[in-house]
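S.K.: Sequence first, predicted model second:
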Amino acid sequence: LTESAYSCDTYASLEDALAITDTFAAAANCTGSTEEVDACMMALSVDDIATASEGIPKFPHPTIDGVHWTEPPMQTLVDGKGARVPYVGGSNTNEASFFVPDVFLSATDYESDLANLLNDPDAMLDEALSLYPTNATGDNRDMYIKAFTHQAIQCCTLRVAQAMAQTNIDDTV
């Protein structure tokens, strides 16, 4: 079961995840031994967590820790090494609105931001603009949110579903 599978090919190394944890602990004024830091972080209020989190990356990504994940999760699924279990995936309509600043997005800025979403903007921008056209005289934020939601969240959910479907094919039938 996944909700909002974000950016299938993004993951953190154990070192990166630990660095983020250390940065958060320092921002929350949690210092001392591992046990003291753990206790301090467990005692934080919601407001303390929100304050300490400012400026720290918040996108949830799996961590390649060498124990639970030894390779990127998407590679595990594509290689057929995932569990043979039913899969349900989903996302919310216009989910990327959470990640897009609530500001006016001009046509020029929209096209630039849209190009940044694409793996190969030179080859894909015209097609993307045909699917997510520019509003030349108005705000393009809503259209960018749709494109971002489809590219970063819904396409990943579809890729996971396709990989799971391949893993779950029963060769004996």
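M.R.: Here it is on my side, so go on. Numbers count the residues shown, from 1 in each chain.
S.K.: I figured residue 84 hits residue 166, correct?
M.R.: No: judged on CB atoms under 8 Å, residue 84 makes no contact with residue 166 at a distance of 10.8 Å. In short, each C-beta sits where N, CA and C put it, glycine included.
S.K.: count of neighbours near the closest residue to residue 111 other than its chain neighbours?
M.R.: Excluding the flanking residues, the one nearest residue 111 by CB to CB, 6 or more residues apart in numbering is residue 134, at 6.3 Å. A count of neighbours around residue 134, defined by other CB atoms under 10 Å, yields 17.
S.K.: ok, residue 134 to residue 160 distance?
M.R.: To residue 160, residue 134 is 31 Å away according to CB to CB, to the nearest Å.
S.K.: on that earlier part again, how close does the residue nearest to residue 111 get to residue 148?
M.R.: Per CB to CB, residue 134 is found 15 Å from residue 148.
S.K.: Next: residue 29.
M.R.: For residue 29, the distance to residue 148 - CB to CB - is 35 Å.
S.K.: out of the two, which sits in the busier spot?
M.R.: Neighbours were counted for residue 29 and for residue 148 using other CB under 10 Å; residue 148 has more, 21 against 10.
S.K.: Go ahead and confirm the more buried one touches residue 117.
M.R.: Yes: using CB under 8 Å, residue 148 makes contact with residue 117 at a distance of 6.2 Å.
S.K.: ok, which stretches of the protein are helices?
M.R.: 14-27, 34-42, 46-53, 73-78, 107-117, 121-131, 141-148, 155-167 (DSSP state H).
S.K.: In a markdown table, list these along with mean pLDDT and distance to residue 101.
M.R.: Shown next, in a markdown table, are the helices of the chain (pLDDT from 0 to 100; distance: least, CB to CB, whole Å):
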| stretch | mean pLDDT | distance to residue 101 |
| --- | --- | --- |
| helix 14-27 | 91 | 22 |
| helix 34-42 | 96 | 29 |
| helix 46-53 | 93 | 17 |
| helix 73-78 | 86 | 28 |
| helix 107-117 | 92 | 10 |
| helix 121-131 | 91 | 20 |
| helix 141-148 | 93 | 8 |
| helix 155-167 | 84 | 22 |
